[in-house]
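A.B. asks: Predicted model, plus sequence, below.
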Amino acid sequence: MITLKQLAQELKVSVSTVSKALSDSHEISAETKKKILALAKERNYIPNNTAVNLRRKQTKTVGVVIPNIFNHFYTKILHGIESEAKKSGYKTIITISNEKLQDEKESLEYFSNGSVDGILLAPSDETEKYKKIDHFLELRSKEIPFVFFDRFIDELPCDKVIIDDFDSAKNVIHFFEKNGMNDIAVISSIKNISTGKLRKQGVLSANKNLKIVELESEINLQDKVEELLKKEKVNAILCLDELSGVITLNIARKLKFKIPKELSIVSFNQGILSKYSFPRLTTINQHATQIGRESFQLLLNRLQDSKLEYQTKVLKTSLKFHKSTKNTL
């Protein structure tokens, strides 16, 4: 490929003149621009964007760290980030922490070498469990802006986009009670994660006498749910994550519960599992694509003005009724 210097030599002008002409600078005459652009097109000149960005001290690229590639919820968030980034002329580099603190740290180290302008991420399970924030403080010391989406570190003031986890969970408990379902259980496999904690706080604010099955992951969840349904009187269940919802539905069907006549189930919706459940689960829609869009916009605002006050955008959820709950009053 021909270089900027070679174009200048052929045209017998300075490299600066060629550069300004290709940038449509008003300092260069229309006739000179025309000659330079014609030769650049003829010789298939491709600008070195990396060099241009280094001079401008920007890469027009953002880094994204997601905790789990198998969760369709994060795929939807990525779609929102990508679509919004494209509108603003940004590219994305995506890495996966696999819910591991060390993997997350390595991703942030890679991004902090100057390859991106800012970072969007959902902290890993281990990061939240062990309350580790040193790697985020290091980003801040390097003046690399970052935005949390879906999950966040409570002890760290920063920009973030979340849903109204507390109110969403609380409102489902009230929905059950208003519809005459008072033997309520709550199932969760996201005990360590900020979203799980907020949802638990929400249900307890509505009713402190709930039966709660709470684990750090889906391991042993089937056995715990089966034990609950065999031993306790339950006519309504709120699942704080989608996997818990599908597992609970399957165990209830195995135990011959008539759904929704004998048992109503509502689940937070994080992907596509609930869409193909039978009967189809009533879900709390978390609007993942919107989370992605709003997250990128917050980061873009921060890139344009680093002195902005930290913002928290709380998105409202919506309850989508299907066949796993009784008709509403």
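C.D. replies: Noted; the coordinates are in hand. Residues are numbered from 1 along each chain as shown.
A.B. asks: okay, CA-based contacts and neighbour counts for the rest of this
C.D. replies: Will do.
A.B. asks: which non-adjacent residue is nearest L121?
C.D. replies: V65 (4.6 Å; Cα to Cα, 6 or more residues apart in numbering).
A.B. asks: The stretch 51-200 of the chain: helices as residue ranges?
C.D. replies: Listed in chain order, the helices of the stretch 51-200 of the chain (DSSP state H, counting those that start in this stretch) span 72-87, 101-111, 125-130, 134-141, 165-178, 194-206.
A.B. asks: Could you dump those helices into a markdown table and include mean neighbour count and distance to Q311?
C.D. replies: What follows is the helices of the stretch 51-200 of the chain, written out as a markdown table (neighbours: other Cα atoms under 10 Å; distance: least, Cα to Cα, whole Å):
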| stretch | mean neighbour count | distance to Q311 |
| --- | --- | --- |
| helix 72-87 | 19 | 18 |
| helix 101-111 | 17 | 22 |
| helix 125-130 | 18 | 20 |
| helix 134-141 | 14 | 16 |
| helix 165-178 | 20 | 17 |
| helix 194-206 | 20 | 17 |
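A.B. asks: Kindly present the ones you listed as TSV, with separate columns for distance to E155 and mean pLDDT.
C.D. replies: Written out in TSV, the entries for the helices of the stretch 51-200 of the chain read as follows (distance: least, Cα to Cα, whole Å; pLDDT from 0 to 100):
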stretch	distance to E155	mean pLDDT
helix 72-87	24	96
helix 101-111	17	96
helix 125-130	10	94
helix 134-141	11	94
helix 165-178	18	97
helix 194-206	11	97
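A.B. asks: which ones are touching P279?
C.D. replies: Neighbour list for P279: 259, 322-324 [criterion: Cα atoms under 8 Å, 6 or more residues apart in numbering].
A.B. asks: Using the three-state scheme, assign it.
C.D. replies: For P279, the assignment made with DSSP: H, G, I helix; E, B strand; the rest coil gives coil.
A.B. asks: count of neighbours near V64?
C.D. replies: Here the neighbour count serves as a burial measure; for V64 (other Cα atoms under 10 Å) it reads 25.
A.B. asks: before we move on, back to that, bridged to the residue nearest to L121, which residues?
C.D. replies: Under the criterion DSSP bridges, V65 forms beta bridges with T95, L121.
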